[in-house]
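K.L.:
sequence and predicted structure are below.
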Number of protein chains: 2
Amino acid sequence: MSRIFNFSAGPATLPESVLKQVQSELLDWRGAGMGVMEMSHRDKEFMSIASQCEADLREVLAVPANYKVLFMQGGATAQFGIVPQNLLRGKTSADFVLTGDWGKKAAKEITKFGKANIAASAEAEKFNHIPDRAGWKLDPNAAYVHITTNETIHGVQFREVPEVGAVPLVADASSDIACRPLDVSKFGLIYAGAQKNIGPAGLTLVIVRDDLIGQTLPGTFGIHDYKAVADNESMLNTPSTFSWYVCGLVFQWLKAEGGLSAVGARNERKAKALYDYIDSQDFYKNPVKKEDRSIMNVPFTLANAETNDAEFLKGAKAAGLNGLKGHRAVGGMRASIYNAMPEAGVAALIDYMKEFVRTRG
Amino acid sequence: MSRIFNFSAGPATLPESVLKQVQSELLDWRGAGMGVMEMSHRDKEFMSIASQCEADLREVLAVPANYKVLFMQGGATAQFGIVPQNLLRGKTSADFVLTGDWGKKAAKEITKFGKANIAASAEAEKFNHIPDRAGWKLDPNAAYVHITTNETIHGVQFREVPEVGAVPLVADASSDIACRPLDVSKFGLIYAGAQKNIGPAGLTLVIVRDDLIGQTLPGTFGIHDYKAVADNESMLNTPSTFSWYVCGLVFQWLKAEGGLSAVGARNERKAKALYDYIDSQDFYKNPVKKEDRSIMNVPFTLANAETNDAEFLKGAKAAGLNGLKGHRAVGGMRASIYNAMPEAGVAALIDYMKEFVRTRG
């Protein structure tokens, strides 16, 4: 077996030790005589897996006691609708700060249920920065303020949690949850599809403050009512059990790696190495304002893209570097360097980039 | 490793050969250098897995060309709402034939969007039969007629597809899809959570006739619009990739086992052996009318339940027979004998049941 370095934006690389554990337990989870995929979600074995996952997640992410942790389905895209169905609570609009395409999608979906007030947008500058907080046009009557903590496509990330006053802050943190320590208490709600930093696709994590749940719009599905999901410990219907289990192993791995301070420091080193190299020469470019650059997704373009892009990808694949093609919306390349990407992977990428310039630049 | 016989109602036992293949490919799918959990859903590797799965599924289930096959999330419970959002199409009600608790739940969820006309119900008789077709009070203006082909809790299954005329027939087939040959062309739509006969939880299969899609109620999520899902080959957002892959392996296994005729015949033998034994003595009882008994879920009660049930379950576990506790709604025991349960498992269960009667009956 030869493992490559996988820079896919998601689903994405997982820690090898986690995969090995999944592999060893696949037909027989710790003497249960069956694999986790086969366990009833009501079995005491799976209940222990589920509750251990939540406990580890709460510990690693330092989730305050007055927040519920929900394990749902449908990805962040489902939450684009579920959030307003739960959080409008008699109000008619929410504020959106747009720093990329995912925020735009969230702001579009809410229009089925209420109004999106675009408090700020970097779209005119092709989402190359986070709009300055001082210029945000927040509405004091908004139900919540929505941000995308990390825009996967554009490689733009909030470095600090913005202050938004009394209105609850809601974040799509799909592509940077658990990438470094975060003060959860500054948010009303955080949601994240699992398939970048948490585990396999098919699981959605929701962390929501107690006082915000219990009121839904007419037409909200029973399984989309946060209060009902919380009251039933995310087992109102059959949850995505196997993904939940893998998520639990990832959080145990995060603990073993030293928690979010250690993992965050490593992520900063990985990103710095890559950006430093990009900034040190003229062949590769990253368009994002330095202080807003993502430590998870690093898009970059090549000089003479028409002739070089395809060759770059071909050579990368041959060098065991996969998933580097950029999103069609921005073109070029994108290196997603989530928690599970080792520093050796980033070093190998930089080596390959240097060699490519030397031979073809 | 010692595998037990797992009679759980779902998530449920999977074919051992499928699990072994998943295990061997977990860190490196066929030389890709990464596991399926880690693949971008846009990678050509995963695209090939997804399309092969659909091709095999269409072959095994004999899905006509004018039907779309969709791979969604949220389980059958999400479909309880998604179906009316897509299929009401200007009409205000649908007909429901209630043969158990799952049908009741479906009939409840539609009331958020329209009216449920209960065309027939076996609730007064504790769902121990399928109401005679002649007595159904169908509404010619209904948007569709909804049935639950197999009621997992009560062990009641349609043996024939009922004739309902021009109104589309919609079926929740979560717990008996692919259990034997089925004429898909008699249905407008079939939906099924994967976690009984198809694969891991977190994937929902929808088979829908072309002419029924393209019109949704206001407030329908983008990812719940069957037409949009179909147009985007179930990749409008990140699908439940790993479950999709396992589902594909299960359909390859079904082909290798001889397809639905062979698997259906085996299922009939398994069910007949168990019901024949139950009917041959007085200690165990199954309350369902013989011609409506499920070949997938066999509920049964013990004489002197108060003293015997706990002992039965304890002894079963010790004998390597798991997941036999009945649903709290009906009590007693339930043996779920899906496709992946070998005949040896049913034989072992019957042996244990006989021995239990001999020593404690």
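P.N.:
All right, it came through fine. Numbers count the residues shown, from 1 in each chain, chains lettered A, B, ... in the order given.

K.L.:
correct me if wrong, but residue A:146 is in a helix.
P.N.:
No - under DSSP: H, G, I helix; E, B strand; the rest coil, residue A:146 sits outside any helix and is assigned strand.

K.L.:
against chain B, how distant is it?
P.N.:
Separation of residue A:146 from chain B (Cβ to the nearest Cβ, to the nearest Å): 16 Å. Heads up, the C-betas are built off the backbone N, CA and C, glycines and all.

K.L.:
again with residue A:99
P.N.:
Taking Cβ to the nearest Cβ as the measure, residue A:99 falls 19 Å from chain B.

K.L.:
that residue is in contact with residue A:147, isn't it?
P.N.:
Yes - with contact defined as Cβ atoms under 8 Å, residue A:99 counts as touching residue A:147 (7.3 Å).

K.L.:
next, show the common contact partners of the two.
P.N.:
With contacts defined as Cβ atoms under 8 Å, 6 or more residues apart in numbering or on different chains, the residues shared by residue A:99 and residue A:147 are residue A:158.

K.L.:
give the closest residue to the residue of the stretch 251-361 of chain A found nearest chain B in space, chain neighbours not counted.
P.N.:
In the stretch 251-361 of chain A, the residue that lies nearest chain B is residue A:323 (5.9 Å; Cβ to the nearest Cβ). Among residues not flanking residue A:323 along the chain, residue A:8 sits closest, at 3.3 Å (Cβ to Cβ, 6 or more residues apart in numbering or on different chains).

K.L.:
so the one you found, which of the three states?
P.N.:
What three-state DSSP gives for residue A:8 is coil.

K.L.:
ramachandran angles for it?
P.N.:
When read as degrees, to the nearest 10, the backbone of residue A:8 gives phi -60, psi 150.

K.L.:
how much space between it and residue A:99?
P.N.:
As judged by Cβ to Cβ, to the nearest Å, residue A:8 and residue A:99 stand 22 Å apart.

K.L.:
one more: residue A:168?
P.N.:
19 Å.

K.L.:
residue A:355 now?
P.N.:
The gap separating residue A:355 from residue A:99 is 33 Å, by Cβ to Cβ.

K.L.:
which residues in chain A form helices?
P.N.:
Per DSSP state H, chain A carries helices over the ranges A:16-24, A:44-61, A:75-87, A:101-109, A:226-231, A:241-256, A:259-279, A:305-318, A:343-360.

K.L.:
how many other residues sit next to the residue of the stretch 51-200 of chain A found nearest chain B?
P.N.:
Closest approach between the stretch 51-200 of chain A and chain B, counting by Cβ to the nearest Cβ: residue A:77, at 3.8 Å. Neighbour count of residue A:77, defined by other Cβ atoms under 10 Å in any protein chain shown: 23.

K.L.:
please apply the same query to residue A:65.
P.N.:
Neighbours around residue A:65, by other Cβ under 10 Å: 6.

K.L.:
could you export the helices of chain A as TSV, including mean pLDDT?
P.N.:
Shown next, in TSV, are these (pLDDT from 0 to 100):
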stretch	mean pLDDT
helix A:16-24	98
helix A:44-61	98
helix A:75-87	98
helix A:101-109	98
helix A:226-231	98
helix A:241-256	98
helix A:259-279	98
helix A:305-318	96
helix A:343-360	97
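
K.L.:
which one of the ones you listed is the most hemmed in?
P.N.:
Ranked by mean neighbour count under mean count of other Cβ atoms under 10 Å in any protein chain shown, the helices of chain A are led by helix A:75-87, which reaches a mean of 26.

K.L.:
for the residue of the stretch 251-361 of chain A closest to chain B, give its distance to residue B:35.
P.N.:
Taking Cβ to Cβ as the measure, residue A:323 falls 13 Å from residue B:35.

K.L.:
what does residue A:221 give?
P.N.:
According to Cβ to Cβ, residue A:221 and residue B:35 sit 32 Å apart.

K.L.:
just the pLDDT for the closest residue to residue A:166 other than its chain neighbours.
P.N.:
Computed as Cβ to Cβ, 6+ apart, the closest residue to residue A:166 that is not its neighbour in sequence is residue A:140, at 8.0 Å. Residue A:140 is assigned a pLDDT of 97 by the prediction.

K.L.:
report the contact partners of residue A:140.
P.N.:
Contacts for residue A:140 were tallied using Cβ under 8 Å, 6+ apart; they are A:165, A:166, A:167.

K.L.:
can you put those in TSV and add pLDDT and neighbour count?
P.N.:
Converted to TSV, the contacts of residue A:140 look like this (pLDDT from 0 to 100; neighbours: other Cβ atoms under 10 Å in any protein chain shown):
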residue	pLDDT	neighbour count
A:165	95	9
A:166	96	5
A:167	98	18
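
K.L.:
ok, of the residues you listed, which one's closest to residue A:334?
P.N.:
Checking those against residue A:334 with Cβ to Cβ, the nearest one is residue A:167 at 32.8 Å.

K.L.:
residues in contact with the closest one?
P.N.:
So residue A:167 contacts A:95, A:138, A:140, A:142, A:143, A:144, A:145 (Cβ under 8 Å, 6+ apart).

K.L.:
of those, buried ones?
P.N.:
Neighbour counting by 16 or more other Cβ atoms under 10 Å in any protein chain shown classes A:95, A:138, A:142, A:143, A:144, A:145 among the contacts of residue A:167 as buried.

K.L.:
for the residues you listed, which two are the farthest from each other?
P.N.:
Greatest spacing in those, by Cβ to Cβ: A:138 and A:143 (12.1 Å).

K.L.:
can you give me the pLDDT of residue A:1?
P.N.:
For residue A:1, the pLDDT comes out at 57.

K.L.:
state the distance from the residue lying closest to residue A:269 once chain neighbours are set aside to residue A:106.
P.N.:
The shortest distance from residue A:269 to any non-neighbouring residue, by Cβ to Cβ, 6+ apart, is to residue A:343 (6.5 Å). Counting by Cβ to Cβ, the separation of residue A:343 from residue A:106 is 33 Å.

K.L.:
and the gap between residue A:146 and residue A:167?
P.N.:
Per Cβ to Cβ, residue A:146 is found 10 Å from residue A:167.

K.L.:
wait, what's in contact with the nearest residue to residue A:301 once chain neighbours are set aside?
P.N.:
What sits nearest to residue A:301 in space, not counting adjacent residues and going by Cβ to Cβ, 6+ apart, is residue A:332, at 3.6 Å. By Cβ under 8 Å, 6+ apart, residue A:332 lies in contact with A:299, A:300, A:301, A:302, A:305, A:309, A:326.

K.L.:
just the buried residues of those residues.
P.N.:
By neighbour count, with 16+ other Cβ under 10 Å, the contacts of residue A:332 hold A:299, A:300, A:301, A:302, A:309, A:326 as buried.

K.L.:
thought the fifth one was touching residue A:302?
P.N.:
If I follow you right, that is residue A:309. Yes - counting by Cβ under 8 Å, residue A:309 touches residue A:302, with 5.9 Å between them.
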